[in-house]
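Visitor: how would this look folded up:
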Amino acid sequence: MLSPSAARVAARRGARTLTIKGNLPDGEILLEIRQVGPQFRVAAIHAPTDVEVVFVAPLRTTREQMVSIARAKLARRLDRQNGSGD
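Guide: Now for the predicted structure:
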């Protein structure tokens, strides 16, 4: 769960923040989802390492799809940083 101060910052920015527990090592992912015009801007942060990825998704994208994309992008970034990526 986000700290109260982090949640207030996200709310001021007009963002919805989700905490996802899941498939990555040491697991917690924070998602910040903001509507920017006709699309969502999604920032995903791997909490234990502070690695962040950002992507844009159409408004019709479901939460489950955003979570899936975020997990895949974070896993790839972490693999590349650890030297086992492409």
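Visitor: So which residues of the chain form helices?
Guide: 4-12, 63-81 (DSSP state H).
Visitor: Return the member of those helices having the minimum mean pLDDT.
Guide: For the helices of the chain, the bottom mean pLDDT is recorded on helix 4-12, which sits at a mean of 51.
Visitor: what's the closest non-adjacent residue to V56?
Guide: Q39 (5.2 Å; Cβ to Cβ, 6 or more residues apart in numbering). All C-beta spots, glycine's among them, are computed from the backbone N, C-alpha and C.
Visitor: ok, the one you found - contacts?
Guide: By Cβ atoms under 8 Å, 6 or more residues apart in numbering, the residues touching Q39 are V56, A57, P58, L59.
Visitor: Ignoring the adjacent residues along the chain, who's closest to the third one?
Guide: Closest residue to P58 apart from its sequence neighbours, by Cβ to Cβ, 6+ apart: Q39 at 5.8 Å.
Visitor: Understood, closing this out.
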